[in-house]
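S.K.: The sequence isn't on hand, but the structure is:
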Ligand SMILES: Nc1ncnc2c1ncn2[C@@H]1O[C@H](COP(=O)(O)OP(=O)(O)O)[C@@H](O)[C@H]1O
Ligand SMILES: [Mg+2]
């Protein structure tokens, strides 16, 4: 379970101050698949970076499965799997070596390492594990990063725009995996600006714009609230994000 | 002049000397690093300048004795050309032919020629720095000897701007030639190392030639006239260098024009050729990307967290030729220097040196300790450990590992590499200066502690101001101010330690065994303190999030 409370973060750039996230509060239940929607620059990546510890919040609390993630970073990082917006990999390593490296630092037993090859099979990069990452295409890098996040069987999965750059089949497999993991009781938080994915996949969506959470509810509920029963998420989204500006 | 805009953009993007850089420092309240960096720069420049000054002074005197006034200028030219060429080769590789921003630049509405020109201008900037140190020293020698006149000084100074053009052109041409002849991507690193080796052999060869001619002829007069003949033959062999030498020694305008025209023509040809070679390389690269995999991959063994982190750091170290070069160069510098000197210095001179050393033999263990410590401390290895990781440090930062663990991995790697290098370097020096094995064993512990202290100082600097948002690896190591700050601090504390030991030996007449043992015991305390402090600093660093932006 993820709970964010009054989370704020601003960046200072030479002179101006950008409030990237403003007093954001939301909860994601165990077993829930939560979609975090917003236009470019809305503050999605900033929120995610605070959750996984790449940024420290200026204010507010982050609690993940009962662990205060700001005060107790190590414990919270252990139960999180994270897929960054841009894959973070070591180019000179072979794909398989990189995944073994991740398995080593997360102390995955040798007996459970078969998972590397199983996941590689699923995402169809099994034959590429022996190649150096520098020869990978963007999609293959993305797949490697996803496998690295799933490898240690995390309780909470946080993905920053994971669908971008994947081919249709891999995108389908990823969505399938995510659903399956949710059914197993994992908590999943992922950001996207692709409405369709969120609409079909998520139990609940949160809409963020200019650092503020505009709404967080099941899609149907959002529709009902706005009074456009026939509307698509896209229409709702445009309406909501325009109200503010 | 679109290429000037490209150069400006590249410098703004990465330059140490950009205004943005100062703004960043100011914003972070880090302006205090500047004086330290300045101290580092000054001590590096002073050493280099001093060596060159001495060399040129002796060439100047030799020129007078042999009645060949052009001689020192010939060596000035050859010196800049040789150093420029050696420096240019790796630069041409990484900044011109394999520069990462080429695809971007080629997609801009700028001609290829302009792109290449902008790259050449950046490379020229690096060579210019070297050239100006050389030519300034030449002017200093002339002033010191009471020779020369203002017009000549101006010509030499201007010459400093022209001289780097030819070696740059030569390097561009040389690399392009090989790139076209062999499929080279695979052998690139091997080739670069080989090139460096060949250049070393060349230097050694020339030196050997000199000492042999000196030694062969019996009397002084004979050897001098032999040398004069040989040198004038040498000068005749290289007309372009002779033009430069004559132009500078006699203020000859015609020669000066020849030499400038020759340099500019060289750059023009290289520019033309490399523009075409680049197109060739880009084509090759894009066809190569599509090659398929090697099939089956067998999963690696479990190795544990710390070894995994060490392996990761090693992978980063070999991830590009800039890091490999820097690393290899720094690790092997002492043996390389010793090989050169042992081959190049004539036997008689060596014997004299050994006699001189005997006079200070009671100092030798301390001197060896100091020298080996400097060679293992004056490196960028420790103070760019974090910087080298670049943006990818976000991965370690998001791992559930405490800073202790990262610190431990980096410490083990550093001590393993530089501890061994200290042992080897000090052993070579011990053999060379005929110390006893016991004396060597006594200086080892102090040396190893100093290696550790250098590591903690370097890492502390890098934790405080890591350079992470780089696009070219050069920004992480060569252009990194941390290296100079590290140099400044190291020089300062080595000076303090050196003076302390000097006082103990000279005024209290303590034997070096006692001084060394005392030093070892004394060093344990700061080492212990630094260890504790740095461990905490590491924890802080790895829990503070990503310090870079973007
Ligand atoms: N490192 C940074 N420095 C300054 N401003 C930043 C930085 N990263 C993001 N921002 C700003 O913060 C806001 C939110 O960015 P981000 O969280 O990346 O948005 P998203 O991921 O939703 O596209 C944007 O206005 C962006 O310009
Ligand atoms: Mg984003």
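M.R.: Structure received. Quantities reported herein were computed from a predicted structural model and do not represent experimental measurements. Ligands and ions are numbered 1, 2, ... in the order given.
S.K.: can you give me the offset of stretch A:201-213 from its chain's centre?
M.R.: Here stretch A:201-213 is found 12 Å from its chain centre; the criterion is C-alpha atoms, centre = their mean, to the nearest Å.
S.K.: and the helix or strand where residue B:50 lies, which residues are buried?
M.R.: In this structure, residue B:50 sits in helix B:33-65 according to DSSP states H and E. Residues B:33, B:36-37, B:39-41, B:43-44, B:49, B:52-53, B:55-57, B:59-60, B:62-63 are the ones in helix B:33-65 that count as buried (16 or more other C-beta atoms under 10 Å in any protein chain shown). C-beta coordinates here come from the backbone N, C-alpha and C atoms, glycine included.
S.K.: can you list the residues of the stretch 451-550 of chain B near chain A?
M.R.: By C-beta under 8 Å from any C-beta of the partner chain, the residues of the stretch 451-550 of chain B that approach chain A are B:543-546, B:549.
S.K.: Name the nearest of these relative to ligand 1.
M.R.: residue B:549 (3.4 Å; C-beta to the nearest ligand atom).
S.K.: distance of residue B:413 from residue B:391?
M.R.: Per C-beta to C-beta, to the nearest Å, residue B:413 is found 21 Å from residue B:391.
S.K.: Among the two, which residue is more densely surrounded?
M.R.: Neighbours around residue B:413 and residue B:391, counted as other C-beta atoms under 10 Å in any protein chain shown, are more numerous at residue B:413. The numbers are 21 against 15.
S.K.: Quick check, central residue of chain A?
M.R.: In chain A, the centroid-proximal residue (C-alpha atoms, centre = their mean) is residue A:159; its distance is 1.7 Å.
S.K.: Assign that residue to helix, strand or coil.
M.R.: Three-state call for residue A:159 (DSSP: H, G, I helix; E, B strand; the rest coil): strand.
S.K.: Does it touch residue A:188 like I think?
M.R.: Yes - under the criterion of C-beta atoms under 8 Å, residue A:159 makes contact with residue A:188 at 7.5 Å.
S.K.: how's chain B carved up into domains?
M.R.: B:2-283, B:306-543 (automatic domain parsing).
S.K.: Mean pLDDT lowest where, among those domains?
M.R.: For the domains of chain B, mean pLDDT drops lowest on domain B:2-283, to a mean of 76.
S.K.: just to revisit the earlier point, against residue A:90, how distant is the residue nearest to the centre of chain A?
M.R.: Taking C-beta to C-beta, one finds residue A:159 at 21 Å from residue A:90.
S.K.: what's the answer for residue B:236, then?
M.R.: Taking C-beta to C-beta, one finds residue B:236 at 54 Å from residue A:90.
S.K.: Between these two, point out the one with more neighbours.
M.R.: Taking neighbours as other C-beta under 10 Å, residue B:236 and residue A:90 compare with residue A:90 leading, 20 against 9.
S.K.: where does the more buried one land in three-state SS?
M.R.: Looking at residue A:90 with three-state DSSP, the answer is coil.
S.K.: Surely it touches residue B:314?
M.R.: No - taking contacts as C-beta under 8 Å, residue A:90 lies outside contact range of residue B:314: 10.4 Å.
S.K.: Per the annotation, how does chain A divide into domains?
M.R.: A:11-79+A:155-245, A:92-153.
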